[in-house]
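>>> Sharing a model prediction with you, sequence too.
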Amino acid sequence: MKSLKIIVLAKQVPDTRNVGKDAMKADGTVNRAALEAIFNPEDLNALEQALRIKDMVPGSEVHLLTMGPGRAAEVIREGLYRGADGGVLLTDRKFAGSDTLATSYAISTAIGKMKYDVVVAGRQAIDGDTAQVGPQVAEKLQIPQVTYVEEIEKIDAKSMVIRRRLDNGFEVVKAPFPVLLTVHSSAPDCRPRIAKNVMKYKHARTLTELQDATEDYTRLFQDRPYLKIREMGVHEIEANVEALGLSGSPTKVKKIENVVFKAKEAKVINSDEKEIEELIVELIENHTIG
Amino acid sequence: MENFYTDNKDLKFHLNHPLMEKIVALKENNYEESKEFDFAPIDFEDAIDSYDKILEIVGEISGEVIEPNAESVDKEGPQLINNEVKYAKGTQENHDVLTKAGLIGMSLPRKYGGLNFSIVPYVMAAEIVSRADAGFANIWGLQDCAETIHEFASEEIKQEFLPRFNNGATAAMVLTEPDAGSDLQAVQLKGQISANYDPEKDLYYLNGVKRFITNGDADISLVLARSEEGTSDGRGLSLFVYDRKDAAVKIRRIENKLGIKGSPTCEMVFTNAPAKLVGDRKLGLIKYVMALMNSARLGIGAQSVGLAEAAYREALKYANERQQFGKTIIRFPAVYEMLTSMKVRTQAIRTLLYETARYVDIYKNYQFTSETRQLEKEERQEMKRYQRLADMFTPLLKLVSSEYCNQIAYDSLQIHGGAGFMKDFPIERIYRDARITSIYEGTSQLQVVAAIRGVTAGGFLNRIREFEEVMVAPELEYLKKYLVNMTAEYEKVSKWVLEQDDTEFLDFHARRLVEMAGNIVMGYLLLHDSSKNDEFETSAEVFIKRGKSENAQKADYITSSETKDLGVFRYV
């Protein structure tokens, strides 16, 4: 069977899972400086699925594609540590301020410049929680998409059989190549960083990072071409600049509110059989007990 | 994300010890391998950075996978199915994720699939895994067997067995028999060349029973057996390597233990099990097992420090949450004194652990270097010097770290009060797991037998004198004075015991003397740590002040005793 080219869409996001008081700035935007930049969790589930496809179809290659500022190259390195073969950092000032429409335009244009059979993305990123970029990319590439993926059951020369998560169960679907998958957090966790890969790829850098680097490992790059992380900008993907960044983003944020959860009022029940039974039923129904 | 490496900055402190530059230089031999292997370091900073990054993976897996699995592994334990061992679900998951991460065979050379790690970062990984689950740490730590094969076996055996470790092969060190525990000279298992000996295969056949074997059903077993018919002592024993693929061993039972329940302890029946000789005949016990034992004892040191760290953290967390009499219990002197003392003792055994690991690192590196080139005279002297230090410090480490970790687990459970006695908190498991550390790989009593030579031959005193030469910050001078006085006291008392010229009297006080030396040694190590990083200052102060009165008490007890007093204790 012919090997597959797999692209994983990954995003570097602020870690919003354990936010402190300084998580938001006074103007209501995310205070990125206070939050650690991490590999978006569901994108790690996506990377695992991609690596499993590679395990199932020997000879296949997994490449990451991430859009973001220079420091997002860390996402590519993280992917290399876990078994990916390469990655591209899509970076340009002109991408700044992109909403999901402009982002999916930029990403789909970049993918158009790469070879691929399968594109795998996380369902959504924990900063915006929109779950829109994956599906929009598929639409722009005009390829089928399968969302809420949990497992890839079978792969043959032309298609793959995929199990996807539903509200109350799952369904199994078949999709032809090329296809885009968005992976749900209920899919298996990503495999660990591989010790030898970490030591091999820890010096991987984009050209921009190399120019700013203080440590002197530049001589390594002559002998070890795999340490160069490719960067693409507006020019390389030949995108229409108008469709990027703020000008390409119809989404306008009208207002941001800080929602503070407050404890609800206590509910008083009488200690008779009937009310206790009602309480038990209620607690079982909302899964507090049982 | 829990990370048991990055959340404990003491580890990085020890990883950055000045001697590491020498250790890494020896280990990496001018960084030659960076030409051949794309993951080999190109200089010292690169190597230390790699250690740091790999320990971060160990820390993450320990915090995110192994520790969360520990409770179910303890409850479920391994099972015996058709004379084979099946790990608990969590144990298998732990092993699989560590294999995927390439963290088995860490210290093996790269040509055998290893990471070529020095002993110090390898021991650090063992400490971290032990903090997560001490029982599982045994299964992971038996990769030590790879080191023994690497050190003593023929190239052919190395080629056959070593690359399997990095692919997840498990190992066992098969020594103990029903009648041969501490006294391994009594080993009976026969390892004989069969009547139809085939020189091509060069196989021996093992027959007999082994007992209390950790991870007994492992892929690769190192087995101590009697190869010389008609002998009855250690000189008739050889070391063999047995491959599970040959299916000639039955697991008869798995012991039901107090602690480390996830780690299977097996009774193994060998029936004409084909095995290959490791190294030379007759050197099994007297050379190879002694070496294996030393690295296993260093491993128990790491396990003890990991357990102590876990116990301390559980207590600290509980004491900060639990409210009584209108305040958190950590605010009561009786509780905070215990907590501080736990922390201080944990740091004391940790600094002793890495000091010992550095000694082992240096002499072993010289040993391996000597296989490829002739050592210079100074190098040979240094190798011998560090080997002596390692031999002296290893039993001291095993003794004090295992005893402290038991005390710390005891105190931690005490801080939990009645809740700690229930199965609801991890401390009850940690408490049970800690108990074995002062028993296996040589009981505390046997460690004293090994360590007392450092007292009688003056090795500890010499090393303490060297410690005394090291400059300390002026504000710490008063602590050094305490140590100098403690040393004088120790010298006087140990001399006095020797002057009584009675071996039984010496044996009677041996543990007290070794512990006195230990208090001074750990006191100096903490003092030197404080000179480099003031975070250790409180620990040095508390430890040295406590050690001073402990030693005074021991000195008083010893010098008030007479040889005839032993009669009171005899034959109770």
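Right, received. Where do you want to start? Numbering: from 1, shown residues only, chains lettered A, B, ... in the order given.
>>> Adjacent strands (with direction) for the helix or strand containing residue B:273?
Counting by DSSP states H and E, the element that carries residue B:273 is strand B:265-278. Take DSSP bridges as the rule and strand B:265-278 pairs in its sheet with strand B:204-214 (antiparallel), strand B:237-243 (antiparallel), strand B:249-254 (antiparallel).
>>> right, so of those strands, which gets closest to residue B:447?
strand B:204-214 (18.4 Å; Cβ to Cβ). Placement of C-beta: from N, CA and C, glycine included.
>>> what's the spacing between the closest one and its chain's center?
24 Å (Cα atoms, centre = their mean, to the nearest Å).
>>> Run the angle between the helix or strand just after it and strand B:237-243 for me.
Once the chain leaves strand B:204-214, the next helix or strand it forms, by DSSP H and E, is strand B:220-226. Put simply, strand B:220-226 runs at 150 degrees to strand B:237-243, going by axes from the mean of the first three to the mean of the last three Cα atoms, to 10 degrees.
>>> by contact count, what packs against strand B:220-226?
With contacts taken as 3 or more Cβ pairs under 8 Å, 6 or more residues apart in numbering or on different chains; DSSP states H and E, strand B:220-226 sits against helix B:144-152, helix B:155-166, strand B:171-174, strand B:190-192, strand B:204-214, strand B:237-243, strand B:265-278.
>>> So what touches that strand?
Identification of contacts with strand B:220-226 by Cβ atoms under 8 Å, 6 or more residues apart in numbering or on different chains yields B:145, B:148-149, B:161, B:164-165, B:169-175, B:184, B:187-191, B:204, B:206, B:208, B:210, B:236-244, B:249, B:270, B:275, B:278, B:284-285, B:289, B:292.
>>> same thing but 7 Å
The contact list for strand B:220-226 (Cβ atoms under 7 Å, 6 or more residues apart in numbering or on different chains) reads B:145, B:148, B:161, B:164, B:169, B:171-175, B:184, B:187-191, B:206, B:236-243, B:275, B:278, B:284-285, B:289.
>>> PyMOL command for the buried members of these?
To isolate the buried members of these in PyMOL, using 16 or more other Cβ atoms under 10 Å in any protein chain shown:
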select buried, chain B and resi 145+148+161+164+169+171+172+173+174+175+184+187+189+191+206+236+237+238+239+240+241+242+243+275+278+284+285+289
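>>> Spell out which residues of the stretch 101-250 of chain A are next to chain B.
Taking Cβ under 7 Å from any Cβ of the partner chain as the contact definition, the stretch 101-250 of chain A meets chain B at A:191, A:192, A:193, A:194, A:195, A:196, A:198, A:199, A:200, A:202, A:224.
>>> Surely the fifth one is in contact with residue B:115?
What that stands for is residue A:195. Yes: using Cβ atoms under 7 Å, residue A:195 is in contact with residue B:115, at 5.8 Å.
>>> what touches both of these two?
With contacts defined as Cβ under 7 Å, 6+ apart, the residues shared by residue A:195 and residue B:115 are residue B:54.
>>> and the residue of the stretch 401-550 of chain B found nearest chain A, what element?
Relative to chain A, the nearest point of the stretch 401-550 of chain B is residue B:424 (17.8 Å; Cβ to the nearest Cβ). Counting by DSSP H and E, no helix or strand carries residue B:424.
>>> For chain A, just list every one of the strands.
For chain A, the strands defined by DSSP state E cover A:5-9, A:12-14, A:37-39, A:61-67, A:86-90, A:118-122, A:145-155, A:159-166, A:169-176, A:179-183, A:205-206, A:228-232.
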